[in-house]
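> Predicted model and sequence below, questions to follow.
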Amino acid sequence: MKDMLKRWISILCVFVMVTLILFPGGSQVKAAGESNIISFADLHFDGFIKTAGWVPAMGNIAEITLDMPGITLKNIRFDLSTRQMSYDIALDKAAVMTSGSSTFWDNDSQRTRYLDITVYASNSTNSSSADYYTHTRVENLTWGPTSNTFITNASDFVVQHGGELTGGIPTKISIGVYAGDNNHRPNEPSNGWRNSLSEYLPEKNLTSNAAPTITIPTPNGQQIGQSSLFIPVIGVTDSNGDALELKYYIDSEAAARESKTITNTATTQNVSFNPLNIAALSEGSHTIRFTASDGKVTTQNSVTIVVDKSPPVIGNVSMISSDSQVQVSGTAADSISGLDNVPYRYNVGSQSSGWTTNPSFTATGLTSNTAFYTKIEARDKVGNIAVHEQNVYTRAQVPSLSVQQNGETSLIMQLHDQNAASTQYLIQMGTAYVNSSGTLSSSPVWITPSSKTVVINGLTANTSYSFQVKARNNEGLETAFGGPASGTTLASAPEGITAEASQQWIKLTWPPSAGALGYEVEAGGAVINNGTSTSYTQNGLLANTQHTYRVRIINPGGAGSWSQTFTQMTLPEPPASPLNLLTVPSQKLVSLTWDLVPHATRYEVEADGLVTDNGTLNSFTHKGLEASTDHTYRVRAGNLGGVSEWSAPAVQQTWPNPPEIPTKISAVQDIHTITVKWDEMERASGYEIEVDGLIIDNKQLTSYTHEGLEALSGHTYRIRAVNIGGKSKWSSPLDVTTHPEIPDVPTNIMTTADEGQITASWHNVPHTDSYDIEVDSGTIITVKDNLFVHDQLAADSKHTYRLRAANISGTSEWSKPVTMTTMPAGINTDSLTNVVAVVTNKSITLSWDTVAANARYEIEVDGKVLDNGADTIYNHTGLQAEEYHLYKIRVKQGTERGDWVAVLALSTLPNLPDSPSKIEGFAQNNSIELRWEKMEGANGYQLEVDGKTIDVGNNITYLHNELASGTAHTYRVRAKNTTGVTAWSPSLQKSTTSPDYVLKVKKDGEASLTLLAQNVQDFSELEFVVTYNPDELELIDLYDFTPASDLANGKIPGSNLAATYAPGTITIYMDQNVVPGTSWSGEITTLTFKSKITGESNVKVTVD
């Protein structure tokens, strides 16, 4: 333990000591704000790396190495009261001490590592450790390896105050560094082993911290204006090159206005602060105080400034003007900084004096009666400027007048001066004055003429006037009147000019004018001085040539206005007679036209000896005539030179009245033709016949044969007579049906017999009126029904029968003969009852009533006898359509056979025709016409109309009428014959058309409706009726093909339409001739409406 303590002491003896030397000289620099503190400049000591080797006697402590950075002592100060040093330590980086890797510890030991810095100050007589800093770390360790790195930062040191330094102020300073790693008993640092090292850092002289210096370039008492830019500027120097904090204050302010920090102060630094807000300072003297501090010492300096924010005071201003000059003068004074050496400046309009010492200025060459902006400026020594400004008017010049232009009731006067355009003038004529509208007023009126031109109106033509004028400027200062000016108004254009003409000359005359100096005549563009004469004659002219003239009056004011252009023709030669006189007659008038005749100005028409002046028209209508009357016409042309000869006479007869309706119309028809006849009509030159709606020109014939018709087809005919004067109305319709076809040969003849009679029956033949029965090749008997009883016959007598059908068209061929024998007398042979034959196109079925319970039957079929057993039905199948078969039936009881009691001659029915493939419909507003193709083998058709079946006979058209407009209907058609009916055709759904139209309209807007016609053959019986709501629509035009708005009842001009119109209903008639056999399609008219509403409006159109 003693060895350990001894070892400790020896290490302490190695500790470095530093001696302080007295500071040379006796000056002392005290820290800023602290009178008992002396400040020194910072000192820096270089770092080092040092290792203490391992000594075995140290036990478990290995070598240690210290990496010591450079050390800077900052803020070094000496307190004269306590005689102690103080400073701050800064390291260039962290200090790092490392112990060897072989270091280890007992588990009951404590480890202490530390780094100490000792600072010594000295003077010439003494030294002392001023402060002692240490960094220590104590660790309670357990057995095993630990971290052997010990890091120390400047902030880790703990300050321990050292001793006092007696004697003088310290002059030198040195540093001792000591580091150690100690293994000792817990809480007993001196009881154990350590390894340590120390280093002495050489002493350095202490340097006193010098005070900064401040220089101010701004001179004392500098005058500053309110608008001046004043920037506080100082120059600062610090011999130590310390960073300085600079501030400035105004007057007695405690808080600095601004602060700045600067470096590199070893040489003078010029520093500018932000500009001073002069406006915030009061007028007068102010002190600016500057300070500079290096943190230890503070220096200050100051400067005085004078603030002048008020401009000078201007007085005694005078402004005098003439019509071309303005003189300005004035004086000024300033009580703070005083007037500038060149204190005055004058502006008059665009003229300026510049800054001058003169108290007045005259602007010359100015426009009269003009406002000039005038300004006087006075400035003080700091640049404050006082301003006096006002508008000054120059005086007006005395004007003069001259007459620029003479008019009949006006004079245009021109003002002459150099006055401004805004100058006002008073123009006087005797006791009257000219006002702003140019008329004369009884009261004085000041006016400002545009462009100095005055138009004086309301004067009397051909009259002299004298005017004088004066002006005033805009301040109301008037001039004297200028010299008078006189003018004479022009004479009015002559009136009452008359002319006489012949073929070679024209003479003009006019009334004289008072005060006229003469007259001028313009003839054909040439102006002729006519002296004072009031007549003028132009000779040597050609006949029928046009010449123009004007006349004007000359007076002292000059030439007056020309008269209206006077046009005069020399008389022409009489025109030639009109050519190509044409006449166009009707029943009650004859229209005439002829060629225009050169140089004719009028025409005369002689109609039946009466002469009419027709003016310039080359057409004439002779009205109010009777039909079929003769009339004679002549025409002649005329002009101012005379009249022509009459044209050759033209004789024209008026058209006859239309003929009467044809009468006594009759028709003769057969199977495929119909011939229609009628009486010849008086005045008729031809006839038109309407055949099933088609109009045909029948020329002059009074009969028409309609050929190629279907049997039993219906047809309608109407006839009208025509001539050049028009057409009669249609006759009443005549409906005619063609005859049926000659009937077919009767088939399916059945005969039965008893002792005294034979009964024959057969199938009904369509369209048959009667049947002829030939009995035994001789007698022919006619019956209406399909049954014949031949009675009163002898028993066991044989008879032969043939049948044919008859109608209006003729008779059919005879059927094949059928032979039947009456029963023998006294033989009990049973007869058959209720014999029935059912015939189709492929089979024949016979049936009869049972004769007796044990009866059996034999049937002969086409000559072959078959045993039918007890059956009363026989089916003959597998047959072809329209085949002929003969059947006989007899009864057999036991072994006895009776005679044939029934003979049937039967034919199978024809096959069904094909079904119609389609049906077509053609819709109108209230009807639908249906058409389909004719089917081979059909003898009729059935039509299904909205679910109801109708037999339409052999027709292949059908008109479904009396329908509501806009309704839908469904149709099917099928063919039929004696066999039956075919399947239905595909169904057709068709709707009637709707006469209702919806117009989408906007209030006050226009809407149009166009009426169209298609395939029309005759317009004479058609009228188009349009109905609408007059509360919604207003008709504005019936016919838009002409520019005019047509609304009147009657014929529409420029069209072949006539109309009757009342609000809500319009009826249109069309006078359009259609060539028979053709049809017309196109636009009838377009109606134009103006809407009273916005939305939709319904319009209905019907054709009657």
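Yep, it's here. Numbering: from 1, shown residues only.
> from here on, contacts and neighbour counts on C-alpha atoms
Will do.
> Give the burial count for residue 642, as a bare number.
For residue 642, the neighbour count with other CA atoms under 10 Å is 13.
> Residue 966 now?
By the measure other CA under 10 Å, the count of residues near residue 966 is 16.
> for the one 4 residues further on, same thing?
Burial measure for residue 970: 13 neighbouring residues, criterion other CA under 10 Å.
> shift numbering so it begins at 12
Shifting the count to begin at 12 puts that one at residue 981.
> A strand includes it, no?
Yes. Assessed by DSSP: H, G, I helix; E, B strand; the rest coil, residue 981 belongs to a strand.
> got the contact list for it?
Contacts for residue 981 (CA atoms under 8 Å, 6 or more residues apart in numbering) come out as 956-958, 998-1001.
> if we go to 7 Å?
By CA atoms under 7 Å, 6 or more residues apart in numbering, the residues touching residue 981 are 956-957, 998-1001.
> Check it and give its pLDDT.
We have a pLDDT of 90 for residue 981.
> Apart from its chain neighbours, what residue comes closest to it?
Closest residue to residue 981 apart from its sequence neighbours, by CA to CA, 6 or more residues apart in numbering: residue 1000 at 4.4 Å.
> From what I see, that neighbour and residue 982 are in contact.
Yes. Assessed by CA atoms under 7 Å, residue 1000 is found in contact with residue 982 at 6.5 Å.
> Those two - which one has more neighbours?
residue 982 (22 against 13).
> Check the secondary structure at the residue nearest to residue 981 for me.
Three-state assignment for residue 1000 (three-state DSSP): strand.
> Distance check, it against residue 935.
Per CA to CA, to the nearest Å, residue 1000 is found 14 Å from residue 935.
> what do you get for residue 723?
27 Å.
> what about the stretch 762-911 of the chain, any weak spots by pLDDT?
Counting by pLDDT under 70, the stretch 762-911 of the chain contains low-confidence residues at 837-841.
> which residues in it form strands?
Taking DSSP state E, counting those that start in this stretch as the test, the strands found in the stretch 762-911 of the chain are 769-772, 781-786, 790-794, 798-801, 809-818, 821-822, 829-832, 847-850, 855-858, 867-872, 875-880, 884-887, 895-904, 907-918.
> The second one to strand 790-794, inter-axis angle?
Same thing as strand 781-786. Strand 781-786 and strand 790-794 are oriented at 150 degrees to each other (axes from the mean of the first three to the mean of the last three CA atoms, to 10 degrees).
> Strand 809-818 and strand 781-786, what's the angle between them?
160 degrees.
> Strand 781-786 pairs with which strands, and in what direction?
Counting by DSSP bridges, the strands paired with strand 781-786 are strand 790-794 (antiparallel), strand 809-818 (antiparallel).
> Point out where the stretch 162-311 of the chain drops to low pLDDT.
Applying pLDDT under 70 to the stretch 162-311 of the chain flags residues 172.
> where exactly do the strands run in it?
Assigned by DSSP E, counting those that start in this stretch, the strands in the stretch 162-311 of the chain fall at 169-172, 183-196, 199-216, 224-226, 233-236, 244-248, 255-261, 269-273, 280-283, 295-304, 309-319.
> repeat for the stretch 912-1061 of the chain
Using DSSP E, counting those that start in this stretch, strands in the stretch 912-1061 of the chain cover 931-934, 939-942, 951-956, 959-962, 968-971, 979-988, 991-992, 999-1002, 1007-1012, 1017-1027, 1035-1039, 1044-1048, 1061-1062.
> buried sites along the longest one?
Across strand 1017-1027, burial judged by 16 or more other CA atoms under 10 Å covers 1017-1018, 1020.
> Nearest to residue 942 among those residues?
Taking CA to CA as the measure, residue 942 lies nearest residue 1020 of the buried residues of strand 1017-1027, at 32.2 Å.
> thought residue 832 was touching residue 804?
No. Counting by CA under 7 Å, residue 832 does not reach residue 804; the two are 9.8 Å apart.
> So between the two, which is more surrounded?
residue 832 (26 against 17).
> Enumerate every residue touching that one.
Here residue 832 is in contact with 764, 807-810 (CA under 7 Å, 6+ apart).
> Give me the buried entries from these.
Taking 16+ other CA under 10 Å as the criterion, what is buried in the contacts of residue 832 is 764, 807, 810.
> out of the strands paired with strand 781-786, deepest packed?
strand 809-818 (a mean of 20; mean count of other CA atoms under 10 Å).
> Only C-alpha atoms, please: export that one in CSV.
Taking C-alpha atoms only, strand 809-818 is exported to CSV below (Å, rounded to 0.1, in the frame of the first residue of the first chain):
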residue,chain,number,x,y,z
LYS,A,809,-136.4,-47.3,-120.0
HIS,A,810,-135.7,-43.6,-120.2
THR,A,811,-132.7,-41.5,-121.0
TYR,A,812,-132.0,-37.9,-119.7
ARG,A,813,-129.6,-35.1,-120.5
LEU,A,814,-129.3,-31.7,-118.6
ARG,A,815,-127.9,-28.3,-119.3
ALA,A,816,-127.9,-25.0,-117.3
ALA,A,817,-129.1,-21.7,-118.7
ASN,A,818,-128.8,-18.0,-117.7
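> Show residues contacting that strand.
753-757, 778-787, 822-833.
> and residue 224, how many neighbours?
Residues contacting residue 224 under the criterion other CA under 10 Å number 18.
> what helix or strand is residue 1079 on?
Per DSSP states H and E: residue 1079 is located in strand 1076-1081.
> From the contact counts, what lies against that strand?
strand 1035-1039, strand 1068-1073 (3 or more CA pairs under 7 Å, 6 or more residues apart in numbering; DSSP states H and E).
> Quick check: mean pLDDT of that strand?
90.
> Kindly calculate the angle that that strand makes with strand 1017-1027.
40 degrees.
> hmm, back to that, and residue 122, which of the strands of the stretch 162-311 of the chain is closest to it?
strand 183-196 (4.8 Å).
> Now the closest one: buried residues?
By 16+ other CA under 10 Å, the buried positions in strand 183-196 come out as 183-196.
> do stretch 706-722 as well
Neighbour-count burial for stretch 706-722 [16+ other CA under 10 Å]: 706-707, 709, 713-715, 720-722.
> quick one: contacts of that stretch?
Contacts of stretch 706-722 with the rest of the structure, by CA under 7 Å, 6+ apart, involve 682-691, 696-701, 749-752, 1028, 1087-1088.
> Which members of those are positioned in strands?
Applying DSSP state E to these, the entries found in strands are 685-688, 697-701.
> Could you verify my assumption that residue 1012 touches residue 1107?
Yes. The criterion here is CA under 7 Å, and residue 1012 meets it with residue 1107 at 5.9 Å.
> So for the two, which residue has more residues nearby?
Set residue 1012 next to residue 1107 and count neighbours by other CA under 10 Å: residue 1012 wins out with 21 against 14.
> got the contact list for the more buried one?
Taking CA under 7 Å, 6+ apart as the test, what residue 1012 contacts is 1018, 1102, 1105-1107.
> Show the model's pLDDT score for it.
The predicted local confidence for residue 1012 is 87.
> ok, it to residue 1045 distance?
Counting by CA to CA, the gap from residue 1012 to residue 1045 is 12 Å.
> what's the answer for residue 383, then?
Using CA to CA, one gets 70 Å for the distance from residue 383 to residue 1045.
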